[in-house]
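In: no sequence on this one, just coordinates:
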């Protein structure tokens, strides 16, 4: 196997690689900040983690509900919850702190991937800049900068683990790679999957590098650390929650032919929405250099494995390929490989134009502009219980709903009492602000749903299981629903003909005007559906 070599002396950037890296990162991070601002949104599911973190910081333990039974692991991001609990304990606003933390992780991710590409591939300043701009303009990077979930820190840990194991073929750092992969596993329940993909990539690198002992030792070291920490986490989970899997995995996971078909649609829709990524893969193949196979093969394995994983689990409800993101965030390395293959061959001008086109494609996708027609994208509609929306439109509607539920939660806090309970579907923001205990019809924090609900034939990913609101009657919940309205709006706008509504004989509709001084619009009203009978 030929040894990897750097560029000729004539290609060495003036001032050294550090100066070229800084010059590339400054405009790249500016692009990242602008696109993150463009796609700024908050995810309602993030408030579930916020509630766990707050309860932990306030001395209640890692629980969602405080009065309705034993603790349930209704989150899938332990390390993120612990981090947010620490910030809340320090007196910081947990919503703001989560979004700032995620945005900073995104900036670090762009820097790590760019630095890895430059140093591993000894790129010229032009190649470094192209890679940095590609990383910064990726729509999932911009979108998940502010969502409040653990998506961005997980991707950062995966990128760091990749860099530690494969970033220096002469000095693979197995212990560090394993620790970082373990951090990814603790930050997101399926993070261990990317750790295993990385180890698989390291095994391929070992095979094609003449089976060098140092690569094998580093891989075994990384596996030992990952297995030890993941095993300890599973043992703790079993002791604390009585289950070796988080309840979220039991609700959302599971294999069937229908889920596989939906998952394939999810993968196809994501790649069609982000056409710059498959284009970068094609460019890396066109610029193939055999001596770089130890980087190209592990990278492609991680991308292929991630796409297979996304298909297997049936996809994800949220926008811009969230389940695929830890590997998609490494895709700028493909463009770096293309530059490494082209430099010195007289093709840098053409590759510069191609790179500009890919960055433009990324940026346009952030503004919901795509060369693939909507009617083609709609053929891969994977959110099957709702009308088709583009990924940017989905982000907009999720943001609007989450902010509406934030207002609803604040209103509930004014007109309900501690110890009261509510049945609901979306339980994030309304539970965080109201502090009511909730029965979740989707089963995230109520495990009894799993054994009672049959998977729905047509549903959005993660929403396959669902029970009727009356399923929880035996628990005698206080409320069965709540919504915000205007004082002068007819009830029929929300509940239709109340006298004929199924809940009319079981519940009472209560109305509470909301005050401007409490942060609500003039004429706003809370409408609560209170259970009076449980039949």
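Out: Thanks, I have the structure now. In this text the structure is predicted, and so the values were computed from the model without any measurement.
In: alpha carbons only for contacts and neighbour counts from here, please
Out: Will do.
In: Now do the helices in the stretch 201-350 of the chain.
Out: For the stretch 201-350 of the chain, the helices defined by DSSP state H, counting those that start in this stretch occupy 213-241, 247-252, 257-273, 276-286, 293-312, 325-328, 332-342, 348-366.
In: Show me what counts as buried in the fifth one.
Out: When neighbours are counted by 16 or more other Cα atoms under 10 Å, the buried residues of helix 293-312 are found to be 293-303, 305-312.
In: Columns mean pLDDT and distance to residue 194 on top of the helices of the stretch 201-350 of the chain, output as a markdown table?
Out: Shown next, in a markdown table, are the helices of the stretch 201-350 of the chain (pLDDT from 0 to 100; distance: least, Cα to Cα, whole Å):
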| stretch | mean pLDDT | distance to residue 194 |
| --- | --- | --- |
| helix 213-241 | 96 | 11 |
| helix 247-252 | 87 | 16 |
| helix 257-273 | 95 | 17 |
| helix 276-286 | 94 | 19 |
| helix 293-312 | 95 | 7 |
| helix 325-328 | 96 | 8 |
| helix 332-342 | 92 | 17 |
| helix 348-366 | 95 | 24 |
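In: how about the ones you listed, which one is nearest residue 372?
Out: helix 257-273 (6.7 Å; Cα to Cα).
In: what helices or strands is the closest one leaning on?
Out: On a contact count with 3 or more Cα pairs under 8 Å, 6 or more residues apart in numbering; DSSP states H and E, helix 257-273 meets helix 293-312, helix 374-377.
In: Could you rerun that using 7 Å?
Out: Counting contacts by 3 or more Cα pairs under 7 Å, 6 or more residues apart in numbering; DSSP states H and E, helix 257-273 packs against helix 293-312.
In: The helix it packs on packs against which elements?
Out: Checking 3+ Cα pairs under 7 Å, 6+ apart, helix 293-312 ends up next to helix 191-208, helix 257-273, helix 325-328.
In: Distance from the first one to the middle of the chain?
Out: Spelled out, that is helix 191-208. Centroid separation for helix 191-208 versus its chain: 22 Å, with Cα atoms, centre = their mean, to the nearest Å.
In: which of the helices of the stretch 201-350 of the chain sits most buried?
Out: Ranked by mean neighbour count under mean count of other Cα atoms under 10 Å, the helices of the stretch 201-350 of the chain are led by helix 332-342, which reaches a mean of 27.
In: Spatially nearest residue to residue 100, not counting backbone neighbours?
Out: Here the nearest residue to residue 100 in space, its sequence neighbours aside, is residue 146; by Cα to Cα, 6 or more residues apart in numbering that works out to 7.2 Å.
In: Can you tell me how far residue 269 is from residue 385?
Out: From residue 269 over to residue 385 the distance is 16 Å, taken as Cα to Cα, to the nearest Å.
In: what's the answer for residue 292, then?
Out: 45 Å.
In: Also residue 337?
Out: From residue 337 to residue 385 the distance is 41 Å (Cα to Cα).
In: go on, residue 319?
Out: On the measure of Cα to Cα, residue 319 and residue 385 end up 15 Å apart.
In: circling back to that earlier point, just confirm the residue nearest to residue 100 is within a strand.
Out: No: counting by DSSP: H, G, I helix; E, B strand; the rest coil, residue 146 falls outside a strand, being coil.
In: sorry, back to before: among residue 319 and residue 385, which residue is more densely surrounded?
Out: residue 319 (21 against 15; other Cα atoms under 10 Å).
In: domain ranges for the chain?
Out: Domain assignment of the chain by automatic domain parsing yields the ranges 12-41+93-245+261-380, 392-531.
In: Tell me which of the ones you listed approaches residue 47 most closely.
Out: Here domain 392-531 is closest among the domains of the chain (Cα to Cα), at 4.6 Å.
In: roughly how far out does the closest one sit from the chain middle?
Out: 25 Å.
In: Look up the closest residue to residue 235, ignoring the ones flanking it.
Out: residue 244 (7.1 Å).
In: ok so, going back, okay if I get the domains of the chain as CSV plus distance to residue 60?
Out: What follows is the domains of the chain, written out as CSV (distance: least, Cα to Cα, whole Å):
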stretch, distance to residue 60
domain 12-41+93-245+261-380, 13
domain 392-531, 13
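In: What are the buried residues along stretch 371-379?
Out: Buried, per 16+ other Cα under 10 Å, within stretch 371-379: residue 377.
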